[in-house]
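Undergrad: Quick one, structure for this:
(chains A and B)
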Number of protein chains: 2
Amino acid sequence: MKLILASKSPRRQELIRGLELAYSIVLYEVDEAFDPSDNPEDIAQKLALKKAEHYPQVIGNDEVLLTADTIVWINGKVLNKPETEEESFAMLSMICGNTHEVFTGVCLKTQNETISFSEKSKVSCKNLSEEEKWHYIRQYKPFDKAGSYGIQDWFGYTAVERIEGCFYNVMGLPVSRVYEELKKIKKK
Amino acid sequence: MKLILASKSPRRQELIRGLELAYSIVLYEVDEAFDPSDNPEDIAQKLALKKAEHYPQVIGNDEVLLTADTIVWINGKVLNKPETEEESFAMLSMICGNTHEVFTGVCLKTQNETISFSEKSKVSCKNLSEEEKWHYIRQYKPFDKAGSYGIQDWFGYTAVERIEGCFYNVMGLPVSRVYEELKKIKKK
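TA: Numbers count the residues shown, from 1 in each chain, chains lettered A, B, ... in the order given. As a prediction, the model looks like this:
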């Protein structure tokens, strides 16, 4: 079984390596627009499905395509990747002293079937001072991260006090669920 | 403020580095016996305190000594570090398909004060096959780990489906709590 990972996220690549799976990476552009009136489970899952549908090649006999999308959800809205330092600061200010939810939608696609699901984790963060938030933004430049933080970096170490659910889901991929689904595919 | 970390755990060292704290390491032997009739919070906290009491040097004016002990608690008992492959297999068999608790006791000691606390996280694990458990034991040799697993390695990726509480506490140090307590010490 050959896994094709359609993601440029270094965190997802690291997680797949941790499962001891051989994989190759394929990158292509997909419009990540979504319907903001959808619930967050559906938004994440539909984005993962859309990425799988746009795979520009034919899936081989022994191949599994893996696509995923992670969204941060707070106060009934999605937090995307921040584009400026100010936007990053605004996102961290929403997240700090609050609990938010992270949804990762995953799609596993073979020649014969498409499995997709969405996994939720709750994340509770402490307050950080303005100075600490600016330190984080300037040192860690979280512009490639939904919600403007990484649970595996300085922000996760200092501000995240509690999670409920799968930790690796917050990093970008619910690996234990993915491992389970891949075992089912293998058995078929 | 200079942090002195009394731990040979590479995971604790990595977490302290992630807080961007300068630290030095000091190693000395402490008898890790505990009273099995104590509750797990107390066992972990007392072990951390004992490690601080046995620090063989004088704590300097600008120094903070950090000691910690992590225990895995299941069915009313502590799971220590396994000494043999068979013991490791027995521990993984208890943990898999079950929820256990991880307690890390921490002590921060300066010239003037001693702060100690215990932090709890709940960890839910899926069943793994016998073959998977033996694969883990032989490839990852979890003999330096309480409960015979690492949440940051293959076992954590495949078997841990859910946690409640601080993830880094399960790795060996509740970093966000430690960061908070160190800030309080600095302000004094």
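
Undergrad: now A:E41: how far from B:E113?
TA: When distance is defined by CB to CB, to the nearest Å, A:E41 is 48 Å away from B:E113. Placement of C-beta: from N, CA and C, glycine included.

Undergrad: which parts of chain A sit against chain B?
TA: A:15, A:18-20, A:126, A:151, A:153-154, A:156-168, A:175-177, A:179-180 (CB under 8 Å from any CB of the partner chain).

Undergrad: Among those residues, which lie within strands?
TA: Those of the residues of chain A next to chain B mapping onto strands are A:160-165, per DSSP state E.

Undergrad: mind putting those residues in JSON lines, pLDDT and distance to A:T67 included?
TA: Output for those, formatted as JSON lines (pLDDT from 0 to 100; distance: CB to CB, whole Å):
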{"residue": "A:V160", "pLDDT": "98", "distance to A:T67": "26"}
{"residue": "A:E161", "pLDDT": "97", "distance to A:T67": "32"}
{"residue": "A:R162", "pLDDT": "98", "distance to A:T67": "29"}
{"residue": "A:I163", "pLDDT": "98", "distance to A:T67": "24"}
{"residue": "A:E164", "pLDDT": "98", "distance to A:T67": "25"}
{"residue": "A:G165", "pLDDT": "98", "distance to A:T67": "21"}
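
Undergrad: Look at the residue lying closest to A:R138 once chain neighbours are set aside and report its pLDDT.
TA: Nearest residue to A:R138 in three dimensions, chain neighbours excluded: A:E85, at 7.6 Å (CB to CB, 6 or more residues apart in numbering or on different chains). What the model reports as pLDDT for A:E85 is 98.

Undergrad: I'd guessed A:E85 sits against A:H135; true?
TA: No - counting by CB atoms under 8 Å, A:H135 is not a contact partner of A:E85; they are 11.9 Å apart.

Undergrad: can you give me the helices for chain A?
TA: Under the criterion DSSP state H, chain A contains helices at A:10-18, A:40-53, A:85-95, A:130-140, A:154-158, A:167-171, A:175-187.

Undergrad: Deepest in the core, which of the ones you listed is it.
TA: Of all the helices of chain A, helix A:167-171 carries the top mean neighbour count, a mean of 27, counting by mean count of other CB atoms under 10 Å in any protein chain shown.

Undergrad: Mind listing residues that contact that helix?
TA: A:11, A:15, A:70, A:102, A:104, A:119-121, A:123, A:150-152, A:163, A:174-177, B:151, B:156-157, B:160, B:163, B:167 (CB atoms under 8 Å, 6 or more residues apart in numbering or on different chains).

Undergrad: And stretch A:7-16, by the same measure?
TA: A:3, A:5, A:23, A:25, A:27, A:66-68, A:144, A:150, A:152, A:168, A:171-173, A:175, B:157.

Undergrad: which residues of chain A score low on pLDDT?
TA: Nowhere does chain A drop to pLDDT under 70.

Undergrad: Give the closest residue to A:F34 in space, chain neighbours not counted.
TA: Take A:F34 and drop its neighbours on the chain: the residue closest to it by CB to CB, 6+ apart is A:I43, 4.8 Å away.

Undergrad: distance between the ends of stretch A:78-85?
TA: 18 Å (CA to CA, to the nearest Å).

Undergrad: Flag every buried residue along it.
TA: A:78-82 (16 or more other CB atoms under 10 Å in any protein chain shown).

Undergrad: tell me the contacts of A:E164?
TA: A:E164 is in contact with A:121-122, B:162-164, counting by CB under 8 Å, 6+ apart.

Undergrad: Same question for A:N98.
TA: A:74, A:124-125.

Undergrad: Apply 7 Å and report the result again.
TA: A:N98 makes contact with A:74, A:125 under the criterion CB atoms under 7 Å, 6 or more residues apart in numbering or on different chains.

Undergrad: phi, psi of it?
TA: phi -150, psi 170 (degrees, to the nearest 10).

Undergrad: same thing with A:F34?
TA: phi -140, psi 170.

Undergrad: my guess is it meets A:E41, correct?
TA: No - applying CB atoms under 7 Å as the test, A:F34 and A:E41 come out as separate, 12.0 Å apart.

Undergrad: what's near enough to touch A:C107?
TA: Residues near A:C107 by CB under 7 Å, 6+ apart: A:48-49, A:51-52, A:67, A:114, A:116.
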